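> Output the structure for:
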Amino acid sequence: RATSLKCCCGEGGTGHIPLKEMPTVQLDTHHMGTDVVIVKSGRRICGTGGCLANAPLHQNKSYFEFKIQSTGVWGVGVATQKVNLNQVPLGRDTNSLVLRHDGSVYHNNEEKNRLPANSLPQEGDIVGITYDHVELNLYLNGKNMHCPASGIRGTVYPVVYVDDSAILDCQFSDFYHTAPQGFEKILFEQQIF
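Residues are numbered from 1 along each chain as shown. Here you go, the predicted model:
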């Protein structure tokens with residue numbers, strides 16, 4: 001039975017065992033490019049290169065968001081662990097499916113779709129992504145862009161890359177916009193860590 005814990009900071013530890021919490025979904029510093037900088041508790045990416053999140057998209061319908069803090073060269077989407085996170089832009093091979101900053105959606109070096117010309121994400125905008133193991137869909141500031149893309153296979157993770165002074169923040173919970181019907185935040189599989 002879960003009970004509230006007394007804070008034992010500075011008390012030299014009183015033998016309290018912290019409650020087991022589900023780990024936080026965040027950017028994974030073990031799976032990032034060599035020139036990537038991750039700050040803000042694994043939520044902000046800057047530098048050059050890509051980074052995977054630490055949780056795969058196991059559930060049927062996931063939703064996550066990115067906020068463009070500072071524009072430049074960037075991309076967001078999903079990728080397998082085989083992706084080369086030092087080579088930007090992503091979307092050049094079968095290991096990633098990404099929206100690029102110019103509005104194009106790339107997988108395996110092919111343009112799979114493109115955002116409407118009047119809907120390119122700008123500084124301060126929120127890009128939402130839904131993924132249901134078949135199709136990736138894009139949302140801009142809560143509005144469905146009707147820009148589906150598919151083709152990636154296997155176990156995928158959220159991915160983000162930056163270059164040319166771009167800074168992006170990831171939202172894996174506490175979303176700016178309500179997740180579309182039936183989609184929810186990324187959940188770790190219930191297992192003992």
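> Helix, strand, or coil at the most centrally placed residue in the chain?
Most central residue of the chain, judged by C-alpha distance to the mean C-alpha position with Cα atoms, centre = their mean, is P158 at 3.9 Å. For P158, the assignment made with DSSP: H, G, I helix; E, B strand; the rest coil gives strand.
> avg pLDDT for stretch 32-41?
Taken as a whole, stretch 32-41 carries a mean pLDDT of 97.
> what distance separates the start and the end of it?
The distance separating the two terminal residues of stretch 32-41, taken as Cα to Cα, to the nearest Å, comes to 15 Å.
> who's in contact with the closest residue to the residue nearest to the centre of the chain other than its chain neighbours?
Spatial nearest neighbour of P158, chain neighbours left out: A53 (4.0 Å); criterion: Cβ to Cβ, 6 or more residues apart in numbering. For the C-beta atoms, the positions are set from N, CA and C on the backbone; glycine is no exception. Residues near A53 by Cβ atoms under 8 Å, 6 or more residues apart in numbering: 25-28, 64, 157-159, 170, 172, 186.
> can you check K67 too?
Applying Cβ under 8 Å, 6+ apart to K67 gives the contacts 124-127, 168-169, 171, 176.
> Mind checking which of those are buried?
With burial judged by 16 or more other Cβ atoms under 10 Å, the buried subset of those is 126-127, 168-169, 171.
> any chance of the residues you listed in CSV, with distance to G47 too?
Rendered in CSV, the data for those read as follows (distance: Cβ to Cβ, whole Å):
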residue, distance to G47
I126, 22
V127, 19
L168, 11
D169, 14
Q171, 20
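> quick check, nearest of those residues to S70?
Proximity of the buried ones among the contacts of K67 to S70, judged by Cβ to Cβ, is greatest for L168, which lies at 8.3 Å.
> what sits opposite the residue nearest to the centre of the chain in the beta ladder?
V78 (DSSP bridges).
> all strands of this protein, in order?
Counting by DSSP state E, the segments of the chain that form strands are 27-32, 35-39, 44-53, 62-70, 73-79, 96-100, 104-107, 110-114, 126-131, 135-140, 143-144, 149-150, 157-163, 167-171.
> dump the residue contacts of the residue nearest to H30 when sequence neighbours are not counted.
Take H30 and drop its neighbours on the chain: the residue closest to it by Cβ to Cβ, 6+ apart is N54, 7.9 Å away. Remark: with contacts taken as Cβ under 8 Å, 6+ apart, N54 is in contact with 23, 25-28, 30-31, 42, 157.
> Ranking by neighbours, what's the top pick from those?
Using other Cβ atoms under 10 Å as the neighbour criterion, L27 leads those with 26 neighbours.
> contacting residues for that one?
With contact set as Cβ under 8 Å, 6+ apart, L27 has these partners: 38, 42-43, 45, 51-54, 160, 170.
> thinking L138 is in contact with Y131, fair?
No. Assessed by Cβ atoms under 8 Å, L138 is found out of contact with Y131, at 10.5 Å.
> Show me which of the contacts of A53 is closest to N84.
Using Cβ to Cβ, V159 comes nearest to N84 of these, at 11.2 Å.
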